[in-house]
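In: have a look; sequence and predicted model below, questions after that.
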Number of protein chains: 6
Amino acid sequence: MSHSITQKSALVVSAHSADFVWRAGGAIALHASQGYQVHIVCLSFGERGESAKLWRLGEMTEEKVKAKRREEAQAAAEILGADIEFFDMGDYPLRADKENLFRLADVYRRIQPHFVLTHSMQDPYNYDHPLASNLAQEARIIAQAEGYRPGEKVVAAPPVYCFEPHQPEQCNWKPDVLLDITSVWDKKYQAIQCMQGQEHLWEYYTRVALQRGVQAKRNIGITEARNITHAEGLQSIFPRVTENLS
Amino acid sequence: MSHSITQKSALVVSAHSADFVWRAGGAIALHASQGYQVHIVCLSFGERGESAKLWRLGEMTEEKVKAKRREEAQAAAEILGADIEFFDMGDYPLRADKENLFRLADVYRRIQPHFVLTHSMQDPYNYDHPLASNLAQEARIIAQAEGYRPGEKVVAAPPVYCFEPHQPEQCNWKPDVLLDITSVWDKKYQAIQCMQGQEHLWEYYTRVALQRGVQAKRNIGITEARNITHAEGLQSIFPRVTENLS
Amino acid sequence: MSHSITQKSALVVSAHSADFVWRAGGAIALHASQGYQVHIVCLSFGERGESAKLWRLGEMTEEKVKAKRREEAQAAAEILGADIEFFDMGDYPLRADKENLFRLADVYRRIQPHFVLTHSMQDPYNYDHPLASNLAQEARIIAQAEGYRPGEKVVAAPPVYCFEPHQPEQCNWKPDVLLDITSVWDKKYQAIQCMQGQEHLWEYYTRVALQRGVQAKRNIGITEARNITHAEGLQSIFPRVTENLS
Amino acid sequence: MSHSITQKSALVVSAHSADFVWRAGGAIALHASQGYQVHIVCLSFGERGESAKLWRLGEMTEEKVKAKRREEAQAAAEILGADIEFFDMGDYPLRADKENLFRLADVYRRIQPHFVLTHSMQDPYNYDHPLASNLAQEARIIAQAEGYRPGEKVVAAPPVYCFEPHQPEQCNWKPDVLLDITSVWDKKYQAIQCMQGQEHLWEYYTRVALQRGVQAKRNIGITEARNITHAEGLQSIFPRVTENLS
Amino acid sequence: MSHSITQKSALVVSAHSADFVWRAGGAIALHASQGYQVHIVCLSFGERGESAKLWRLGEMTEEKVKAKRREEAQAAAEILGADIEFFDMGDYPLRADKENLFRLADVYRRIQPHFVLTHSMQDPYNYDHPLASNLAQEARIIAQAEGYRPGEKVVAAPPVYCFEPHQPEQCNWKPDVLLDITSVWDKKYQAIQCMQGQEHLWEYYTRVALQRGVQAKRNIGITEARNITHAEGLQSIFPRVTENLS
Amino acid sequence: MSHSITQKSALVVSAHSADFVWRAGGAIALHASQGYQVHIVCLSFGERGESAKLWRLGEMTEEKVKAKRREEAQAAAEILGADIEFFDMGDYPLRADKENLFRLADVYRRIQPHFVLTHSMQDPYNYDHPLASNLAQEARIIAQAEGYRPGEKVVAAPPVYCFEPHQPEQCNWKPDVLLDITSVWDKKYQAIQCMQGQEHLWEYYTRVALQRGVQAKRNIGITEARNITHAEGLQSIFPRVTENLS
């Protein structure tokens, strides 16, 4: 989990242990392939709310479900080229106290991320998702404060992107970034296949990637002649600072 | 006005002949300094609505006001390093017919811009501004259509940015880009000083640049250690296509 | 229509000849009672779209409907204590060209209003209403411009208020002002009764006034101990400039 | 085009001659299969803006493109079980004068639709679409007015639904209705295949239908146990009047 | 509280013990009259915040106020034809812990509602209301999860409707459903009269019902020729799944 | 802290001990100069999040930082002419329990404010700010309830204004009031200079005041001929009740 002083890094905060795959697997694999250290925090395993298939197997306990989900998530992270860490905060409902907040702030301090990926700010289908997004954002602010664990190196102001929720319009989520993940799509789809308990979502998120790919092609300016087939949509929380507009 | 096949270019659509200076002077000078051909279209001279000081001189006619405003705008464009063209459509109210629309679409075809700058979509203080923005956007769409002047080279999908209106919150304008114009601020301020008829705005827009500069510094991530003192805010109309998030 | 130099004045721009009664009758009567010269411009008579009862009488022509509607509106204006003027631009659809725009700008110049009342910015039930609102706002901007009819006295920046549409939530209209019209309610109701062709609306708008009255009472601070029974809701377009917050 | 007094009917207003297929083909086929007379109005053929493939064939004229597009649209309408009518107003830009407005109002009067389908209110990629939507809505209002062609039967207040634009989030379009089109999907796909000039969209809109299908299943309450595989999203303009909430 | 396997059911979550009467009394009585088992959960009695008249009687304690409020609410529920249950969580402020959340999720499991009625998502006048709405929505999500009390029957995805707050526009509440309650208005008004402590609201909510009734008539399409005098407005949280659009 | 029965009063709720200076120093000084008793509550000292310069001095403890911040805030309050009180709730993160809520409600009861100033409802850069705003608003509601500490004098419905956040557009904050603070600017700037630890903000907020001053001049109607150079922007939460519109 250590990384050299010059390696770039990214932080992904996922409410449940599979969200990072469906929603950000391409962004993770892409930046890993660019040399970034990508670190994933799963706040819960989604053991209650997102493991229906496992529960239906019968003879199941929460511990067994969590173990299975952990295993799947670790396999997916490995394929994508990322580190993964589990906070095991529980789901349905996910709730965060100060201790969780500081634990995540400490991850920020350790990782010093160049950008952050997390959930949308609204989701009427899943209250854990906005809670995770708020936790990720508040932890970032705390990690920026000189007065939190004074003497430690504070973090800069890494951009935060909200990845795509399951029903985007219902979450008032609107992508302002389309990330070309064509070159890593095969890895994302491999990671998706680790999610044995949610096979019904494999093709759904394949289609999401194809749709965003078509849209990315529609929004390319002159300089970007590359062929895009798959993309991920992202919504920025903060304005981008730049010196060039094309 | 010709430019080599490989030179990058940008198009600025300004309702009145001074808007491009206050609102986009930094972006223009910056990209000119990066080798872009920047082309400015002034739809009107702002002869009625934005030349109060000239009218108060007395013995004034619309022709005289327009001549004076043209002169100022040309001087400013030259300082910023851009071409300038005047459509002379009249102001207060600005109105566009199909002929104006096609004339602007033809400019798009000629310039093949890598990005476009224009006004905000709303402005309760100035109805000419949203009209200019809509004209700029609709002309871009027409210039993209194979069936408009078939056989000509169509334009790609250049990003469109709305530059800062005079009272940003009242226009529901929200910048998602902060452009670092520190390196060209002196040029922008020189161009501002060409606007003899609107001296009351010189310091107002100097302060705008300083405030956006402070905000840009607050939004910088790890990799961008540069010192920013002046910036311009911009709001994107379309999602950005990219392969990197930091 | 002339008024002394020190008399305060107000301008009401009404799409159809009865709108000003339902939506602003209280504001008109109240300010008239405070000594304001209130001037009403009816852009059309609502002859097509808001005269169903008259048309159902049979043997009707557009001219007869307009004459009847003019008569009713004049009677109502008189009760409320206001001047009234008819632009006769036609309704369903209302359309405005530059000539109408300048005609209204000239009214602004003549009246020099201390505030302006007009329609909401959206109304999916009535496209004439937003058009009237936009016309009223654009004419105000033109009347402020030194270069429009140079030499004439320009207008200041009078606040503009959008009065209540028929189905407020559907119009995304949200009142930020509740005007206490208790003292003039009887006049408003008398004016309402002039609208013989729309009797079905009398009780509807009585209830609107009562509801807004209850809401006004719920929003009164310490200093305003008066008893309110009737009110009108208004939405401001521009920020209010003040020296006191209670 | 005549229909018996008791037959239900629907009106579809399409900016270009293929929009109705991608965006509302399922709704059309479904209601046709339920016995509705569905009437489609194509305001233009999309001859300039949506016929790139045809233009690239070479030796093309606007008339040839229009003829080809008409043919395709007629074939699609026939498969879906609907009538079709072409206003030939031109595209890129589409512009509407009073004559077009009245022509469409007359269609409303003739069809007396039980519901209306048209475009979204915003679309930064396609200015013709919101224009078509506004025309459809304003024509509906005029057709409701007693004073428009007095003596004719006015229309009731049919619900208006905005069908799905190409990049839904960018249009601030949010579906509040998911229409189950599973039973007619094969017809929709057949109609889609009539659009020879836009083959690149066939799979895109197949995936749209599948995604909306999955979403529809996620939003079904107890009473609706049916198996849904394909759906279309729609956004209502007006509130729904009902006597039952499940 | 038991109900046959085939009886339809509804759940109403009310922050204080009278909210369900003003805001949803018509919906409750209407569906009860249609054979639904309607179950009301009052999270608190409104003992602190909505019992001013009782407190002003003097010699009052919180227990006395709660007893009185319980009595009134039970009487109202009986008139409307519904079951009622009190969580007694306290008001001003209402606060929910996990235990309350699970208790409500268990009600969902037991009732298996075909639809849910609760408060608006925003209310600057009453923080308890949005809290109740969020609790109702999160409990629904938990009740849907296989991993919550595994083995129990999970709930489907019943639609959730937000009923009308006291000052609708200030809550950014916008009705997309107008429920015709004409046939049960007398019952609703009888239930309203049980609320002895809030007599000032009787006529207010009578007028609300009349206004919504007029609006419902304005939004009726061809097929719905019924005479509506009273209605309730509702805002949907989720998209509606349907096979028919008229 | 006592005040005569007839003295007007105001309450300012500040998340950290310097916010009231940058954001509301003018409003405080202005109303103090008009004879209001202005009472400031600082929920925390901003010891962790807004004292970077102090921490960088080295040899610092949280207690020392808080003492220094208290001193600066007291000096600023004195210059502005206001009382100040510290809740010492901690920052980064600020968290409020019922005890804090009741403590603040009790301040409302004691002060009986004619208006309230607090933070914006959103701030992605600072989660403590919206929390403070919500606490201030919920406490106001509790202080209005007869059933909270029965027998005490409840508060009326004082208007609540959100003062300007650091990056206004990013907070979706939109001023609807521009308060002329020209006459007290020197006092505000003196108070600003008390904030030794945040010298980098002095000129930033001077420019904010100048920009809002220019905007105030642009929004003045006829009757307000005064010369404005400095202003503060404010956003209202509730509608204003009035009897005059100019």
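Out: Right, received. Where do you want to start?
In: my guess is A:P165 contacts A:P175, does it?
Out: No: counting by CB atoms under 8 Å, A:P165 stays clear of A:P175, with 10.9 Å between them. Any C-beta I mention is one placed from the backbone N, CA and C, and that applies to glycine too.
In: burial of A:K98, as a residue count?
Out: When counting by other CB atoms under 10 Å in any protein chain shown, one arrives at 11 neighbours for A:K98.
In: what sits against it?
Out: Residues counted as contacts of A:K98 (CB atoms under 8 Å, 6 or more residues apart in numbering or on different chains) are F:P93, F:R95.
In: per-residue confidence at it?
Out: A:K98 is assigned a pLDDT of 98 by the prediction.
In: phi, psi of it?
Out: phi -60, psi -30 (degrees, to the nearest 10).
In: ok, the one 10 residues further on next?
Out: Note on A:Y108: backbone dihedrals following degrees, to the nearest 10 are phi -50, psi -50.
In: now it, nearest residue through space, not along the chain?
Out: Nearest residue to A:Y108, sequence neighbours excluded (CB to CB, 6 or more residues apart in numbering or on different chains): A:A143, at 3.6 Å.
In: mind listing what the one you found touches?
Out: Here A:A143 is in contact with A:A105, A:D106, A:Y108, A:R109, A:V154, A:V155 (CB under 8 Å, 6+ apart).
In: taking the residues you listed one by one, which sit in strands?
Out: Among the contacts of A:A143, DSSP state E puts none in strands.
In: A:Y204 - how many residues pack around it?
Out: 18.
In: if you could redo that for A:M60, that was the one I meant.
Out: 18.
In: residue contacts, it?
Out: Going by CB under 8 Å, 6+ apart, the list of residues near A:M60 reads A:L54, E:P150.
In: kindly recompute the last result at 10 Å.
Out: By CB atoms under 10 Å, 6 or more residues apart in numbering or on different chains, the residues touching A:M60 are A:E47, A:S51, A:L54, A:K68, E:E146, E:G147, E:P150, E:G151.
In: now do A:E72
Out: A:17-18, A:21, A:45, A:51, A:54, A:191, A:193-198 are the contacts of A:E72 under CB under 10 Å, 6+ apart.
In: A:G81 too?
Out: A:28-33, A:35-38, A:184, A:187, A:191.
In: pull out the buried members of these.
Out: A:I28, A:A29, A:L30, A:H31, A:A32, A:Y36, A:Q37, A:V38, A:V184, A:K187, A:A191 (16 or more other CB atoms under 10 Å in any protein chain shown).
In: wait, the first one sits on A:V184?
Out: Yes: between A:I28 and A:V184 there is a contact under CB atoms under 10 Å: 8.6 Å.
In: pull up the overlap in contacts between those two.
Out: Joint contacts of A:I28 and A:V184 (CB under 10 Å, 6+ apart) are A:L80, A:G81, A:A191.
In: name the element the last one belongs to?
Out: Using DSSP states H and E, the secondary-structure element containing A:A191 is helix A:185-192.
In: so the first helix or strand past that helix going along the chain versus helix D:202-218, what angle?
Out: Using DSSP H and E, the helix or strand that follows helix A:185-192 towards the C-terminus is helix A:202-218. Going by axes from the mean of the first three to the mean of the last three CA atoms, to 10 degrees, helix A:202-218 is angled at 130 degrees with respect to helix D:202-218.
In: contacting residues for A:V214?
Out: A:L178, A:I228, A:T229, A:H230, A:A231, D:H166, D:Q167, D:H200, D:L201, D:E203, D:Y204, D:R207.
In: got a winner among these for most neighbours?
Out: A:A231 (29 neighbours).
In: report pLDDT for it.
Out: A:A231 is assigned 98 on the pLDDT scale.
In: phi, psi for it please.
Out: Phi and psi for A:A231, reported as degrees, to the nearest 10, are phi -150, psi 170.
In: A:D88 too?
Out: phi 50, psi 50.
In: thought it was touching A:A67?
Out: No: counting by CB under 10 Å, A:D88 does not reach A:A67; the two are 11.3 Å apart.
In: overlap in contacts, these two.
Out: Residues touching both A:D88 and A:A67 by CB under 10 Å, 6+ apart: A:F45, A:E47.
In: and A:E164, how far is that from E:I237?
Out: Separation of A:E164 from E:I237 (CB to CB, to the nearest Å) stands at 20 Å.
In: between the two, who's got more neighbours?
Out: It is A:E164, of A:E164 and E:I237, that has more neighbours when counted by other CB under 10 Å, with 23 against 19.
In: which helix in chain A runs the most residues?
Out: Counting by DSSP state H, the longest helix found in chain A is helix A:62-80.
In: alpha carbons of it, in PDB - could you do that?
Out: Taking Å, rounded to 0.1, in the frame of the first residue of the first chain, the C-alpha atoms of helix A:62-80 are listed here in PDB:
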ATOM      1  CA  GLU A  62     -24.400 -12.500   7.400                       C
ATOM      2  CA  GLU A  63     -20.800 -13.600   8.000                       C
ATOM      3  CA  LYS A  64     -20.900 -16.100   5.100                       C
ATOM      4  CA  VAL A  65     -22.400 -13.500   2.800                       C
ATOM      5  CA  LYS A  66     -19.700 -11.000   3.800                       C
ATOM      6  CA  ALA A  67     -16.900 -13.500   3.300                       C
ATOM      7  CA  LYS A  68     -18.200 -14.300  -0.200                       C
ATOM      8  CA  ARG A  69     -18.600 -10.600  -1.100                       C
ATOM      9  CA  ARG A  70     -15.200  -9.800   0.200                       C
ATOM     10  CA  GLU A  71     -13.700 -12.500  -2.000                       C
ATOM     11  CA  GLU A  72     -15.500 -11.300  -5.100                       C
ATOM     12  CA  ALA A  73     -14.500  -7.700  -4.500                       C
ATOM     13  CA  GLN A  74     -10.800  -8.600  -4.000                       C
ATOM     14  CA  ALA A  75     -10.800 -10.600  -7.200                       C
ATOM     15  CA  ALA A  76     -12.300  -7.700  -9.100                       C
ATOM     16  CA  ALA A  77      -9.800  -5.200  -7.600                       C
ATOM     17  CA  GLU A  78      -6.900  -7.400  -8.500                       C
ATOM     18  CA  ILE A  79      -8.100  -7.600 -12.100                       C
ATOM     19  CA  LEU A  80      -8.500  -3.900 -12.300                       C
END
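In: let me know the angle separating that helix from helix A:185-192.
Out: 170 degrees.
In: residues touching whichever residue of chain A sits closest to chain C, list them.
Out: At 15.4 Å from chain C, A:N172 is the closest residue in chain A, using CB to the nearest CB. Residues near A:N172 by CB under 10 Å, 6+ apart: A:S120, A:M121, A:Q122, A:D123, A:P124, A:P165, A:Q235, D:E169, D:N172, D:K174.
In: and the first one, that one's in a strand?
Out: No: A:S120 is assigned coil when assessed by DSSP: H, G, I helix; E, B strand; the rest coil, not a strand.
In: possible to save the shared contacts of A:I28 and A:V184 as CSV with pLDDT?
Out: Formatted as CSV, the shared contacts of A:I28 and A:V184 follow (pLDDT from 0 to 100):
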residue, pLDDT
A:L80, 98
A:G81, 98
A:A191, 98
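In: wait, which of those residues is closest to F:V160?
Out: A:L80 (47.5 Å; CB to CB).
In: count of neighbours near that closest one?
Out: 29.
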